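1. Generate a structure from the sequence data that follows.
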Amino acid sequence: MTESLVIVESPTKERTIAKFLGKGFHVKSSYGHIRDLPPRALGVDLDNNFEPRYVVLPKAKKLIPELTRYAKSAKNIFLATDYDREGEAIAWHLCQLLKLPPDKIKRITFHEITPEAIREALDHPRSIDERLVHAQQARRVLDRLVGYQLSPLLWKKVRRGLSAGRVQSAVVRLICDREEEISRFVPQEYWTLTARLAKISGEEFMADIFAKILKRGGTSVSGSPLPKDWKLEKFDRLDLKNKEQVDSILAVARKKPFKVAAVERKDRRRTPSAPYNTASLQQDASRALGYRAQRTMVIAQQLYEGISLGAGGPVGLITYMRTDSVTVAAPAREEAARYVKEKFGPTYLPPKPRVFKTKTKKAQEAHECVRPSSVYREPDKIKEHLTPEQNKLYRLIWERFMASQMADAVYDTVAADIESGDYLFRANGRTLRFKGFLAVQSWMETEDSTPQLPPLEVDESVNFREFLPAQHYTEPPPRYNEASLVKTLEELGIGRPSTYAPILHTIQQRGYVRVEERRIIPTDLGTLVNGQLKIHFSEIVDIGFTAKVEERLDEVASGEVQWETVIRDFYVPFAAKLKTAQTAMAENRPEPKVTDEKCQLCNSVMILRESRFGKFLSCSTYPACKFKVQLDHAGQKLVPQGTTEICEKCSKPMVVRFGRRGSFIACSGYPACRNTKPLPGADGKVRPAAEPTDETCDKCGKQMMKRMGRFGYFIACSGYPQCRNIKKAA
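-> This is a model prediction of the structure:
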């Protein structure tokens, strides 16, 4: 009994940590969860205080004997699963299933996979926190009770294959409610009025109408705002409702000279945002990089678990990516300050170190923000070791953290009020005087597009060039995109950051919503299911109730309430409503809509259908005839476009078609001929065919192929899709 056993939940993490620990430690992976509720049964004993009935997962059956053998010979057993409720539950299940002796079990956690963090964790082990285990168990049982009892009802009343969930149903309601707002919206007309003006010297600038002067008084003082005894009626955005109002202003203002009434100069400081937590990372990755939430979390997991940086082997590049917190550990703050001083100079440091407070009430496992494990690993220095996706996300995290530790950006702002008769026009200008944190977060400078004003002085006359009236209409609230939906879920307290990505994925897979031009739109099926749930299970889809359940789970995690009590308080009224709905809920099965269109292949009637990829026309004889026509977001046919190419298989013309993954070239003889090829890019080049390499797959032994993807070359197993082994091309 000479070695200590360290159990993690990821093979990538296993390799990274094993490199740090060396002799005296044996690192093994549990490959995630080793047991769970049964997949085809409720798995909750309703008559025995909601006791869960766990089963060993198939993937773990071969792994358990191996882990048991290592555990028996180890002097200490360190359970190093992730530090969140799910990680705590995995550690607890390992203890239960492997029958680990309590005196040998040591629970360790760390927020970054670095040698220092691992050693610190080994020096300060603790016992398993059963409050976190109970909170995770309560969430799992709640979701199982809703999903496995409500989904069969939807199968019976609406359509087979549907699902409902405590959080997912509330998210679908948010999306459906927004769609209802949009459909009820009535646009309002309004106008804006801008004057193009110029100094006597000829320098032009723009000024927007600001207020009507009701009373003048006092004397203007150069460099100061308007005297206090001036009385103004300020214009709000919708105050100019029609062209007649604008014309009445123009009739007066055109006859009057323009003169500077006041000039106000100020310094404006812009403070950096807090470093990322999970939700804000998903939001910015969506806005800045166009990444879906699920994609962001997969890449972040890779950066956390370890990337090989050459001879040194793999190292964790970021801290744990599932967190509600924006707290920064003191050593990380000190390292960042040292880097800023060396790279930019002391003027780029704030007067005192910034301390950010987590705004989320009862933030779960609030420990550290998402940040680089070392700021000295600059994105440009390690770029060659990362895939393009990894590099972009790492750069986003690195820049946000560094910016959060730097001084404010400082602007010189000028606001000038220009009077013309009874009206005031306002001109604004801004120039960046000191970059501060913008020195590293340069992509945010897109907001700094306010033009600089020419020098203006009080009582100075300016020349009038022209008026630029413009008609506008108010717009409905925008449909959610992933960034705005995640932000809303966080603000309302629905779900947890770690659940956002899988929830968004699930509601698309179930066909409740679809994404068009990055906007989330409810499908007819989603609207139908949401309507039924609102009638018969109002609490399940009620936003406030769903958030309240999250608060109750937090109370379980803090030891304020027993997990069984939370389940009972939820389940008793839910079971009663479920029983009533079995008879009260009417069958409402979505029927395909018959159209006047005819199938081009067999002349049968075409039917309007909808999937998570959008609406389309499909032949009514499907599957005998599989002809279909995709529709765009406006319901118009996406007609194949002709090309000059000829199919090399059947000699028919090739056309550009539209699929779920974008455009491609296909034979016009489809479905008789299924020849397809990639659409040439903007440079006219088609992605090259896969090239064989001398390497063999280390997972299945087949030949590895060099392929071209969206982000460059990579090496992939020729056994795809049975074997999905890939790696970066040299």
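2. what about residue 636, how many neighbours?
-> As a burial measure, residue 636 scores 8 neighbours (other CB atoms under 10 Å). Glycine gets a C-beta too; all of them are placed from N, C-alpha and C.
3. err, residue 59, not the other one
-> 12.
4. wait, is residue 451 part of a helix?
-> No. Going by DSSP: H, G, I helix; E, B strand; the rest coil, the assignment for residue 451 is coil, not a helix.
5. May I have the predicted confidence score for the residue nearest to it when sequence neighbours are not counted?
-> Leaving out its chain neighbours, the residue that sits closest to residue 451 by CB to CB, 6 or more residues apart in numbering is residue 429, at 6.1 Å. Looking at residue 429, its pLDDT reads 90.
6. In terms of helices and strands, where is residue 429?
-> Under the criterion of DSSP states H and E, residue 429 resides in strand 423-434.
7. Against which helices or strands is the helix or strand following that strand packed?
-> Where DSSP H and E defines the elements, the next helix or strand beyond strand 423-434 is strand 461-473. Packing contacts for strand 461-473, counted by 3 or more CB pairs under 8 Å, 6 or more residues apart in numbering; DSSP states H and E, involve strand 189-198, helix 243-253, strand 258-270.
8. Mean neighbour count, these: which tops it?
-> Greatest average neighbour count among these goes to strand 189-198 (a mean of 18), per mean count of other CB atoms under 10 Å.
9. and it, which strands flank it?
-> Partners of strand 189-198 in the sheet, by DSSP bridges, are strand 204-215 (antiparallel), strand 461-473 (antiparallel).
10. related to what we said a few turns ago, what are the buried residues along the strand holding residue 429?
-> By 16 or more other CB atoms under 10 Å, the buried positions in strand 423-434 come out as 423-430, 432, 434.
11. Then stretch 330-346?
-> So for stretch 330-346, counting by 16+ other CB under 10 Å, buried means 332-333, 335-337, 339-340, 344.
12. hang on, the earlier thing: what angle do the strand holding residue 429 and helix 243-253 make?
-> 90 degrees (axes from the mean of the first three to the mean of the last three CA atoms, to 10 degrees).
13. now strand 423-434 against strand 258-270, angle please.
-> Going by the same axes, to 10 degrees, strand 423-434 is angled at 40 degrees with respect to strand 258-270.
14. for the stretch 301-450 of the chain, which spans come out with low pLDDT?
-> Scanning the stretch 301-450 of the chain for pLDDT under 70 picks out the ranges 358-367, 442-450.
15. where along it do the helices fall?
-> Remark: helices assigned in the stretch 301-450 of the chain by DSSP state H, counting those that start in this stretch are 330-343, 379-382, 388-404.
16. circling back to that earlier point, isn't the residue nearest to residue 451 right next to residue 455, touching?
-> No. Using CB atoms under 8 Å, residue 429 makes no contact with residue 455, being 10.1 Å away.
17. just the buried residues of stretch 330-346 now: which is nearest residue 167?
-> Closest approach to residue 167 among those (CB to CB): residue 332, at 32.2 Å.
18. and that closest one, what does it touch?
-> If you count contacts by CB atoms under 8 Å, 6 or more residues apart in numbering, residue 332 has them with 368, 371, 375.
19. roughly how far apart are it and residue 209?
-> 50 Å (CB to CB, to the nearest Å).
20. for residue 390, same thing?
-> Plainly put, residue 390 is 50 Å away from residue 209 if you go by CB to CB.
21. More neighbours: which of these two?
-> The neighbour count for residue 390 versus residue 209, taken as other CB under 10 Å, is higher for residue 209 (24 against 20).
22. how far does stretch 719-730 sit from the chain's center?
-> With CA atoms, centre = their mean, to the nearest Å as the basis, stretch 719-730 stands 27 Å off its chain's centre.
23. Same check on stretch 461-475?
-> With CA atoms, centre = their mean, you get 38 Å for stretch 461-475.
24. Name the surrounding residues that touch it.
-> Contacting residues not belonging to stretch 461-475 are listed as 187-200, 204, 206, 238, 243, 246, 250, 253-254, 257-260, 418, 420, 456 [CB under 8 Å, 6+ apart].
25. For it, buried residues please.
-> 462, 464, 467, 469.
26. Need the residue closest to the centroid of the protein.
-> Taking CA atoms, centre = their mean, the centroid of the chain lies closest to residue 282, which sits 3.2 Å from it.
27. List the contacts of that one.
-> Shown in contact with residue 282 (CB under 8 Å, 6+ apart): 293, 296-297, 482-483, 486, 497, 500-501.
28. quick one: it from residue 500, how far?
-> Separation of residue 282 from residue 500 (CB to CB): 6 Å.
29. So which of the strands paired with strand 189-198 is nearest residue 148?
-> Between residue 148 and those, the shortest separation by CB to CB is 47.8 Å, and it involves strand 461-473.
30. can I get the CA coordinates of stretch 452-472 in PDB?
-> The C-alpha trace of stretch 452-472 is given here as PDB (Å, rounded to 0.1, in the frame of the first residue of the first chain):
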ATOM      1  CA  GLN A 452     -15.600  64.600 -32.100                       C
ATOM      2  CA  LEU A 453     -17.200  68.100 -32.100                       C
ATOM      3  CA  PRO A 454     -15.300  71.100 -33.300                       C
ATOM      4  CA  PRO A 455     -14.500  73.700 -30.600                       C
ATOM      5  CA  LEU A 456     -17.600  75.600 -29.600                       C
ATOM      6  CA  GLU A 457     -18.100  78.600 -27.300                       C
ATOM      7  CA  VAL A 458     -21.200  80.100 -25.700                       C
ATOM      8  CA  ASP A 459     -22.900  82.800 -27.800                       C
ATOM      9  CA  GLU A 460     -21.000  81.700 -30.900                       C
ATOM     10  CA  SER A 461     -23.100  81.800 -34.000                       C
ATOM     11  CA  VAL A 462     -23.200  78.800 -36.300                       C
ATOM     12  CA  ASN A 463     -24.300  78.400 -39.900                       C
ATOM     13  CA  PHE A 464     -27.400  76.300 -40.800                       C
ATOM     14  CA  ARG A 465     -26.900  73.800 -43.600                       C
ATOM     15  CA  GLU A 466     -30.000  71.700 -43.700                       C
ATOM     16  CA  PHE A 467     -32.600  69.800 -41.600                       C
ATOM     17  CA  LEU A 468     -32.800  66.100 -41.800                       C
ATOM     18  CA  PRO A 469     -36.200  64.900 -40.600                       C
ATOM     19  CA  ALA A 470     -36.700  61.100 -40.500                       C
ATOM     20  CA  GLN A 471     -39.800  59.000 -40.100                       C
ATOM     21  CA  HIS A 472     -39.600  55.900 -37.800                       C
END
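31. now for the lowest-mean-pLDDT helix or strand in the chain, which elements pack on it?
-> Using mean pLDDT, DSSP states H and E, strand 691-696 stands out as the lowest-scoring helix or strand of the chain, at a mean of 73. Helices and strands touching strand 691-696, by 3+ CB pairs under 8 Å, 6+ apart, are strand 703-709.
32. For residue 726, list the residues it contacts.
-> Residue 726 touches 714-717, counting by CB under 8 Å, 6+ apart.
33. can you map out the strands along the stretch 51-200 of the chain?
-> 51-52, 55-56, 77-79, 105-107, 189-198 (DSSP state E, counting those that start in this stretch).
34. just the stretch 601-730 of the chain next, same as before
-> Secondary structure of the stretch 601-730 of the chain (DSSP E, counting those that start in this stretch): strands at 605-611, 614-619, 628-630, 641-646, 653-659, 662-667, 676-678, 691-696, 703-709, 712-717, 726-728.
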